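Q: Please work out how this folds:
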Amino acid sequence: MTQKPLPDVTRLRLLNEVARQGSLAGAARVLGITSSAVSQQISILERETGVQLLDRSSRGVGLTGAGEILVEHARAVVRLLEATRAEMDQLSGDLSGRVRIGSIPSLARNVLLPVAEKLEVRAPDVELTVNVVEPVDSIEQLLNGALDIAIVDLYDNVPVAFPDYLVTQEVMNEPLALITPPDYVVPARLKLADLKNEAWVLTPDAGACGQAVRYACRNEGFEPNIRWVVDDLLLLVESISRGRGISLLPPFSVDSAVAPVGIHAFDKPHIHRRVLTVTRSSDARRPIVKAVLDEIHSLLGAAAA
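A: Below you'll find the predicted structure:
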């Protein structure tokens, strides 16, 4: 009896991406190939396994029972291969190859750009690719093997759970500040409750910063009068500078060179943002990943000193 070939690892990764994105088109977009190519590769994988893996309909695709089982095994195979790669890299001490990073915008601009410039000199064979994404997306991509490092931020009262096979390290902890138009008069010993009658410019409530600020305002007994909801930090700063309202933001994320704004501390309550680097435990041992993390931690440590 002829033995069936083992499923191809590349196709297993592709199936995993289809499951994560919920569609062939979504997986194709992430992987940089066409939807028809994704469909063809999944069809080949179905022939390799001898079972139907996707339910295809006019409304989209979904995993069959067999597909869900195979995706779970695929993730285990990918993690094993990553652990193997990490051990081989440790033995070789190799500092060449690509490191994929998902980052929040402020760290991409203020940290990853100078890190990339330093690595070009110190480790020219290291290639960084950076994708600016929300923390929840970068963690998901990290878990699915699409990233090697995630740089995320956590806010008070917006909890995030991390699986125990992820390694986290805090690299920054900063209180949020009141961001105002440049001519705004701030009273001494300002409290958040003093701002209940102000107009606000906030980030969307789908993001952690927007959730944290709304929670803090409600906890102080008022609903913020939100005039602008802005997901672009550059536009947010400019809209505040031009008098559209005030906001609470991490000072590190505010680029006052875009437009002049006031940055003020306030007494109560203190709302903090923590910035973490996150890697899979297997990748944390890889010399190339460790070299990039060391540069990130070194730069932020120097900035905090």
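Q: tell me the helices in this protein, going along the chain?
A: For the chain, helices defined by DSSP state H occupy the ranges 9-21, 24-31, 35-49, 65-92, 105-107, 113-122, 135-143, 208-219, 233-241, 287-304.
Q: which residues sit against the third one?
A: Helix 35-49 is contacted by residues 4-8, 10-12, 14-15, 18, 24-25, 27-28, 31, 52-54, 66, 70 when judged by Cβ atoms under 8 Å, 6 or more residues apart in numbering. Placement of C-beta: from N, CA and C, glycine included.
Q: So how do I select the buried members of those residues in ChimeraX?
A: In ChimeraX, this line selects whichever of these come out buried by 16 or more other Cβ atoms under 10 Å:
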select :7,11,12,14,15,18,24,25,27,28,31,53,54,70
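Q: Output the helices of the chain as a markdown table; include the columns mean pLDDT and distance to His270.
A: Listed next are those as a markdown table, based on pLDDT from 0 to 100; distance: least, Cβ to Cβ, whole Å:
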| stretch | mean pLDDT | distance to His270 |
| --- | --- | --- |
| helix 9-21 | 82 | 37 |
| helix 24-31 | 78 | 39 |
| helix 35-49 | 87 | 48 |
| helix 65-92 | 76 | 39 |
| helix 105-107 | 89 | 20 |
| helix 113-122 | 91 | 29 |
| helix 135-143 | 85 | 21 |
| helix 208-219 | 94 | 10 |
| helix 233-241 | 93 | 21 |
| helix 287-304 | 84 | 18 |
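Q: just so I know, which of these lies nearest Ser281?
A: Smallest distance to Ser281 across the helices of the chain (Cβ to Cβ): 8.4 Å, for helix 65-92.
Q: out of the helices of the chain, which comes closest to Thr168?
A: Taking Cβ to Cβ, helix 135-143 is the member of the helices of the chain nearest to Thr168, at 10.2 Å.
Q: The closest one - contacts with which helices or strands?
A: strand 97-103, strand 149-155, strand 166-175, strand 272-280 (3 or more Cβ pairs under 8 Å, 6 or more residues apart in numbering; DSSP states H and E).
Q: Which residues are in contact with Val167?
A: 278-281, 284.
Q: Ok, Val71 next?
A: So Val71 contacts 15-16, 19, 63 (Cβ under 8 Å, 6+ apart).
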